[in-house]
Structures are given as structure tokens and as C-alpha cells.
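# Kindly generate the corresponding structure for this input.
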Amino acid sequence: MKLPPGPKIPSWLIPLQFNADPFGYMDAISKRYGDIITLMSGSAPTVYVSNPLGIKEIFTSTKEISASGKLNRGFALMTGKQGVLQLDGIRHKHRRKLLMPAFHGARMQTHGQRICDLTHKVMQQQAIGKPFIGYPTMEDITVRVSIEVVMGLSEGERYNRLKQLLSLALKQMSSPSLKIAQNLPFGGRDLGRWSPQGYLLYLRRELFDLLYTEVQERRQQAQNLGTDILSELVLAKDEAGNLLTLEEVRDLLISPLFAAQDASSTALAWSLYWIHRFPHVRDRLLCELDSLGENPDPMNIFALPYLSAVCNEVLRIYPTQLFAFPRLVESTVKVMGYELKPGTILVGNIYSTHQREDLYPEPKEFQPERFLKKQYSSYEFLPFGGGSRVCIGGTFALFEMKLVLATILSHYELELVSNRPERPKFEGLISYPDSGVKMIVRSLRQHQGQSQLLAVDLI
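Okay, here's the model as predicted:
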């Protein structure tokens, strides 16, 4: 069977070229080979697809193509062996169903005002006229939100320790020293807390122990449960009608904790950059926000069209998740005219799909208006992946993103410290802003009356 075209170079050289310039590399191979490309990974071919019709075939051909959990085993070190990323079939579907309610509908709405309050709390720590870095500031907000939504914890010793462990673990997972060590002989072993891998394993043990203790105690206090994810899971039953084990509950908590913190903080940092790089974008957003009056309902903020367009364009131009989770061909299947045999790995290339000129004219330009002019399908715009592995918390992530931005823009006059373009830096699955987005609070902002809004051009 003939595979799609791709670079004819040794498989070990591909990650080196990709890591040197991920976006430049993907742009170059898409230009040369098209929107379905084969890259060899050992003996197994991996086929990357950035054509919406091809992506639809991948996500919907579920009999021939599986969203196999074994392809995500590389994440198990930090997400546990029984998290949703590692599960398959009925168990995967059942566990997703258990997690879903907390991120949608009325349960989501209950967190709206709290997100705004936590944003105020963190932003009030920034001194007027003193520079700060956007990414860690946004991370401080999102880790607080994730702990409250996922764990239901209030501030205290365990809350603070969990907040610290999550931040340290994320930083260690993307540290250059760990990458270097893992490519050296014995670098992947636990050589003690002072070695890169040893320190990561120490953080993992501390995090897993803390979560296990909280799960154990919460199950013993079942009469005082809240609306957080942990409270839902401690009394949840598996597909056979038995209570989930404490280890299962612990593992199901970890991915939402990390995702709600890491991807959300990255998207927010990029948002601050793009909004303040283009004054007309900021002015139009402020006009839209001011039209809601003081202390608007969070759901009214969530429904704002231009704010939605800005958030979508942020997630398009540098998606926090560059690739959809991989799929495995289980039986011979045709994708975009190519017959692919069992064992072939298929990956939806989110970044390259979002860079298609036929879908997004001038794709390198930040143009939120494109999302006001056209409604894109879930195979054309897929910042949270798709199919059975689509991010459970995608809707909540957008909800949080909009409320945090609305709170900051409505109350703080910010500007970028430098006019230099912010470069993307790819680590793991996430595309971070390289400098972290350096900003300064110029002043507090007062709510603008309706009469002043008329001067702003909304066209």
C-alpha cells in the first residue's frame, strides 16, 4: 500500500528538525508535501492530516480507526494509569460521562463570579507602573480556578501545597535540563531529588499522595459534598455498579487539574499579547464590554460576539494544542484516497489546519473579524481536538478565558513593555509565548458610560 508523501530522512532527525523550529518546520513540509504527510517513527508510519475532510474521516471512522489509550502512555507518568487519556472503549466513554457535568451547563455557571473574583485578587497584586510577566500571572489565576472547580478546596495548607506542586510539576516537565537528561544514558532513571528526572518523580509522588489523601478523606465525609468534580467522583460507580477505587478517582482528577491550569494560562497570556498589540482590537473589546454596564452577568459576558471572535482567533493562530491525540488504524481504511494498513498512526494536525489559506486568508495575521464573518466546522477549527478525545473542558476553558479577560480589560489599563513580536515556544503539547508576555499596569480603569461609546468605530 502506498503511503502519503513525506520527508525521506532518518526518523531520528525528524524530532531534531521539529524541535529547532516547530512552526517553521510544519509550514515548510505542508507547503512541500500538502495536507496529508507521512513521517516515520521507527517502523510505524505516522500520518499527519490537515485537511478538514481528512480529519472528519479520522474522527468518524471509529470502526477502523481507534482513539487508542495505549498511544497516550507517555503521559501516564504524570496523569496516572487510569486517567481518561489512558482508557479505551466503554471505560473511557463512561469516565468521560462522569466528568462532563462539571464543565457544562448550570454547574459551569456557578463558577462564573468566582472566576471574576479570583482574577481581581491576583491582578490587585500588580503594582501600578511596575512591569510583570503575563504568563505566570495568568497561571496564578487558572491554577486557583482549577483547584476550586476540580477539587473544591478553599485556601489553606493543602490548597497551597497543591497549588505549589502543580506549578512546580509543569515547570519541571518543560525544563531544558529534563529534556537533556532524558536523552542521556540513565537520564530517565530516578537518581535522587537533585537529578532532573528524580525531581520530577519526587513531585509526582508528592502530588499523587496529596490527591489520594484528599480523595480518601472526601469519601469519608460524603454527607458534606459540594459541586466540584471530586465530590462527583467519590460516590460515582463504574460500569459494573461498583464504587470507583480511590486510585481511579485520583487519576481521573489529574488531567483536568493540569489542563485547566496549563492550556488556559497559555491561551490567556497569548490573549493579553494580541489584544494589546493591536489597539483597535482592545478598543472594540472595551466598547463591547462597557455596553453590558457595571457588574455584568458572567453568562452575558460569555455570549459577547467580538470577545468570542478574539478568543477563537487567539486559539487559531497559536493553538495551545498543536495536534489532536493520535489514532490507531485497526483495520485497512481509506483516508483522503490512501489505503492505510493496520498499525498506521493518524494525527490531526491542528496547527496546519488553522494555517490553511483557503480557510483563513492571511493566516499569519491576527484578524478576529474572520470569526464574525464565517462559522467554521469542528473539522476546520478544532483548538480542543475532536472526536472521542475532544477536550472535556473545552467549553469551560472558553468560559474562563472570556471572564478573566473581561475582568482584566474592564478594570485595568495595561500595555506591553516591548513592541517586539512575541515568539511561540513549543514544549510538550503546548505553544507558550517565549518571553511570557511582559506587561505593565498603567492605571486602574473606570467604567465608561454609554455616551462615550458612540465615539468608538464598531465597523
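# avg pLDDT for stretch 378-396?
Over the span of stretch 378-396, the pLDDT mean works out to 91.
# Now the terminal residues of that stretch, how far apart.
From its first residue to its last, stretch 378-396 covers 17 Å (C-alpha to C-alpha, to the nearest Å).
# Now it: buried residues?
Going by neighbour count (16 or more other C-beta atoms under 10 Å), the buried part of stretch 378-396 is 379-396. All C-beta spots, glycine's among them, are computed from the backbone N, C-alpha and C.
# List the residues that contact the most centrally placed residue in the chain.
The residue at the geometric middle of the chain, judged as the C-alpha nearest the mean C-alpha position with C-alpha atoms, centre = their mean, is residue 263 (3.0 Å). The neighbourhood of residue 263, defined by C-beta atoms under 8 Å, 6 or more residues apart in numbering, consists of 320-321, 391, 397, 430.
# Can I get those in TSV including distance to residue 259?
Formatted as TSV, the contacts of residue 263 follow (distance: C-beta to C-beta, whole Å):
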residue	distance to residue 259
320	9
321	9
391	7
397	8
430	10
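# Now flag whichever of those residues is closest to residue 97.
Relative to residue 97, the closest of these is residue 391; by C-beta to C-beta it sits at 15.0 Å.
# That closest one and residue 9, how far apart?
Plainly put, residue 391 is 32 Å away from residue 9 if you go by C-beta to C-beta, to the nearest Å.
# follow-up on the earlier one: helix/strand/coil for the residue nearest to the centre of the chain?
At residue 263 the chain is in helix, as set by DSSP: H, G, I helix; E, B strand; the rest coil.
# same question, the one 10 residues further on
Local secondary structure at residue 273 is given as helix here, using three-state DSSP.
# what's the answer for residue 292, then?
Assigned with three-state DSSP, residue 292 falls in the coil class.
# Also residue 15?
Classified using three-state DSSP, residue 15 is helix.
# Distance-wise, check it relative to residue 241.
Per C-beta to C-beta, residue 15 is found 45 Å from residue 241.
# So for the two, which residue has more residues nearby?
Between residue 15 and residue 241, residue 15 has the larger neighbour count (other C-beta atoms under 10 Å), namely 11 against 6.
# Please report how far residue 390 lies from residue 38.
On the measure of C-beta to C-beta, residue 390 and residue 38 end up 25 Å apart.
# and what of residue 273?
As defined by C-beta to C-beta, residue 273 lies at a distance of 35 Å from residue 38.
# more neighbours, those two?
A side-by-side neighbour count of residue 273 and residue 38, using other C-beta under 10 Å, places residue 273 first with 24 against 19.
# what about the strands in the chain?
Listed in chain order, the strands of the chain (DSSP state E) span 36-41, 44-49, 65-66, 131-133, 327-329, 333-335, 338-340, 345-348, 412-416, 424-427, 430-433, 438-444.
# if you average pLDDT over the fourth one, what comes out?
Averaging the model's pLDDT scores along strand 131-133 yields 96.
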